[in-house]
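J.: what would the 3D arrangement of this be:
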Amino acid sequence: MKSYRRLIVAVGVGAVLGLFCIIGAGKRLGVQGNELFLLATWFNRVLIGLVVGLAGDIKITDGWKNAAIRGAAIGFIVSFAFFLSTAFKDLPGFIAGIIYGFIADLVATKWG
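T.: Numbers count the residues shown, from 1 in each chain. Here you go, the predicted structure:
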């Protein structure tokens with residue numbers, strides 16, 4: 001049951017943080033004509049949450065640093081795939097993905 005709770009918390013955090021990404025990207029790029037890009041950005045954050053939720057048993061180091069490093073690494077990997085698809089044009093979105101992975105793992109580890 002604990003792993004399901006972690007998964008739900010992490011995906012929820014990813015979905016909420018994805019809304020912040022939509023707002024930020026929408027302000028940078030404009031909403032009109034970028035709807036699919038904004039949806040893909042949001043989905044990328046949900047995917048970060050999913051991977052974070054599933055990675056709870058992966059241990060890199062001890063203590064809270066484990067969640068921080070693991071989350072940032074997951075954010076890096078998942079966001080890098082999306083960054084590639086933009087031909088390296090969305091650097092702020094890529095950096096945000098790393099930060100959001102960090103946040104999602106810390107929250108999921110504490111409350112999941």
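J.: ok, longest helix in this structure?
T.: Criterion DSSP state H: the longest helix present in the chain is helix 2-29.
J.: for it, buried residues please.
T.: By neighbour count on 16 or more other Cβ atoms under 10 Å, the buried set for helix 2-29 is 6-7, 9-14, 16-18, 21-22, 25-26, 29. For glycine as for every other residue, the C-beta is placed from the backbone atoms N, C-alpha and C.
J.: for the protein, which spans come out with low pLDDT?
T.: Low-confidence segments of the chain, defined by pLDDT under 70: 1-3.
J.: any chance you could map the helices in it?
T.: Using DSSP H, helices in the chain cover 2-29, 35-54, 64-85, 91-111.
J.: before we move on, the earlier item: which of the buried residues of helix 2-29 sits closest to Val46?
T.: Relative to Val46, the closest of these is Gly14; by Cβ to Cβ it sits at 4.7 Å.
J.: chain neighbours aside, what residue packs nearest to the closest one?
T.: In space, Gly14 comes closest to Gly49 once its chain neighbours are excluded; the distance is 2.3 Å by Cβ to Cβ, 6 or more residues apart in numbering.
J.: the one you found and Lys27, how far apart?
T.: With distances taken as Cβ to Cβ, to the nearest Å, Gly49 is found 23 Å from Lys27.
J.: again, but for Gly53
T.: Gly53 sits 29 Å away from Lys27 when distances are taken as Cβ to Cβ.
J.: Ala15 too?
T.: From Ala15 to Lys27 the distance is 20 Å (Cβ to Cβ).
J.: so how far is Gly93 from the closest residue to Arg45 other than its chain neighbours?
T.: Spatial nearest neighbour of Arg45, chain neighbours left out: Gly18 (3.3 Å); criterion: Cβ to Cβ, 6+ apart. Using Cβ to Cβ, Gly18 is found at 11 Å from Gly93.
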